[in-house]
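Q: sequence first, predicted model second:
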Amino acid sequence: MKKLTLKNLTTLPYSAEEAMNRLLVNFGLCGREFKKVIVTSSVPNEGKSFVSTHLWRLLAESGNKVILVDADIRKSVIRNRYQLSAEDPNPLGLAHYLAGQTELEDVLYATNVKNGFIVPTFRTVANPAILLQSDRFSLMLDRLAQVSDYVLIDTPPLTNVSDGGLIASYCDGALLVVRSGSTPKGLVANSIKQLTLANCRLLGTVLNRVEQKQNSYYSKYYRYGYGYGYTDENGKKKHRAHHSNSGKSPSSPEGGMGTK
């Protein structure tokens with residue numbers, strides 16, 4: 001298998017890492033039946049690619065075989081932010097596979113994260129809807145789910161283009177990233193509606209860049225909680241929420257993050 005290096009996947013500040021660890025724990029509570037999970041947002045710059053990449057890293061470090069699919073073919077954030085470096089001078093990615101120019105084995109890469117694999121985007125496409133509607137994409141997700149514990153799919157924002165909703169229709173569940181104090185409630189409600197129409201269960205929302213002043217001891221706090229699905233004794237899927245404690249938030253560009 002070909003190797004791909006993520007050069008800029010640095011260790012997070014303590015409080016941000018702890019918030020991601022809480023997300024990791026609560027994500028696991030959703031159950032193993034949620035294998036194909038999209039990480040999306042309502043609009044750009046809410047932190048979905050940051051969340052998807054670091055959740056992928058933590059899942060892999062926990063011993064899971066996990067595959068990250070960069071399905072933002074219009075404008076890949078992962079490719080540029082994490083400075084993807086391949087051994088091949090002309091690497092192939094998701095768009096090449098969907099266009100029928102190569103096979104899945106040629107676009108699935110091992111990485112410098114143990115147990116972490118990636119299907120990257122190296123070539124952007126202005127209008128990828130036709131490619132995403134093809135059987136090749138849905139079959140690819142099914143095949144990846146068969147050979148891994150989890151498949152995380154980073155998608156374009158839901159309200160900007162149709163790609164995210166289309167991808168959601170092939171998946172078991174979704175994490176919706178919301179930027180604290182920035183994303184209007186109406187847009188969040190619309191995103192949830194789109195996921196419902198796509199028959200993709202909302203597993204939870206990740207509230208990103210949360211800063212809350214409390215007292216003189218901690219000047220900035222993040223809060224986190226998590227909503228997740230479960231199955232009752234009759235086999236019916238329900239929804240409940242879990243909430244945890246607070247901690248100090250970092251001052252990095254990503255800011256404090258949490259789930260609610």
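A: Sure, I can see it.
Q: which element is residue 67 on?
A: Per DSSP states H and E, residue 67 falls inside strand 66-70.
Q: for residue 16, that is, sorry about that
A: helix 14-28.
Q: list the helices and strands that helix packs on?
A: helix 48-61, strand 201-208, strand 221-231, strand 237-248, strand 257-259 (3 or more C-beta pairs under 8 Å, 6 or more residues apart in numbering; DSSP states H and E). To be clear about C-beta, it is placed using only N, CA and C from the backbone, and glycine gets the same treatment.
Q: list the buried residues of the strand holding residue 67.
A: 66, 67, 68, 69, 70 (16 or more other C-beta atoms under 10 Å).
Q: by contact count, what packs against it?
A: Going by 3+ C-beta pairs under 8 Å, 6+ apart, strand 66-70 lies up against helix 48-61, helix 77-81, strand 116-119, helix 135-146, strand 150-154.
Q: quick one: contacts of the fourth one?
A: Applying C-beta atoms under 8 Å, 6 or more residues apart in numbering, the contact partners of helix 135-146 are 35-36, 67, 69, 97-98, 100, 104, 108, 119, 131, 151, 153, 167, 170-171.
Q: which among those residues end up buried?
A: Neighbour-count burial within those applies to 35-36, 67, 69, 97-98, 108, 119, 131, 151, 153, 167, 170-171; the criterion is 16+ other C-beta under 10 Å.
Q: quickly check those for the two that are furthest apart.
A: The largest separation in the buried ones among the contacts of helix 135-146, counting by C-beta to C-beta, is between 35 and 131 at 22.5 Å.
Q: considering the helices and strands packed on strand 66-70, which stretch scores lowest in mean pLDDT?
A: Here the lowest mean pLDDT among those goes to helix 77-81, at a mean of 92.
Q: just the C-alpha atoms of it, please, in CSV.
A: Extracted in CSV, the C-alpha atoms of helix 77-81 (Å, rounded to 0.1, in the frame of the first residue of the first chain):
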residue,chain,number,x,y,z
VAL,A,77,-9.0,21.9,3.3
ILE,A,78,-7.2,18.8,4.5
ARG,A,79,-4.8,18.7,1.6
ASN,A,80,-3.5,22.2,2.2
ARG,A,81,-3.7,22.5,6.0
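Q: so for the helix or strand that comes right after that helix, mean pLDDT?
A: As assigned by DSSP H and E, the chain's next helix or strand after helix 77-81 is strand 85-86. The predicted model assigns strand 85-86 a mean pLDDT of 90.
Q: how far off centre is strand 85-86?
A: 21 Å (C-alpha atoms, centre = their mean, to the nearest Å).
Q: counting contacts, what elements does it pack onto?
A: Against strand 85-86 (3+ C-beta pairs under 8 Å, 6+ apart) you get strand 3-5.
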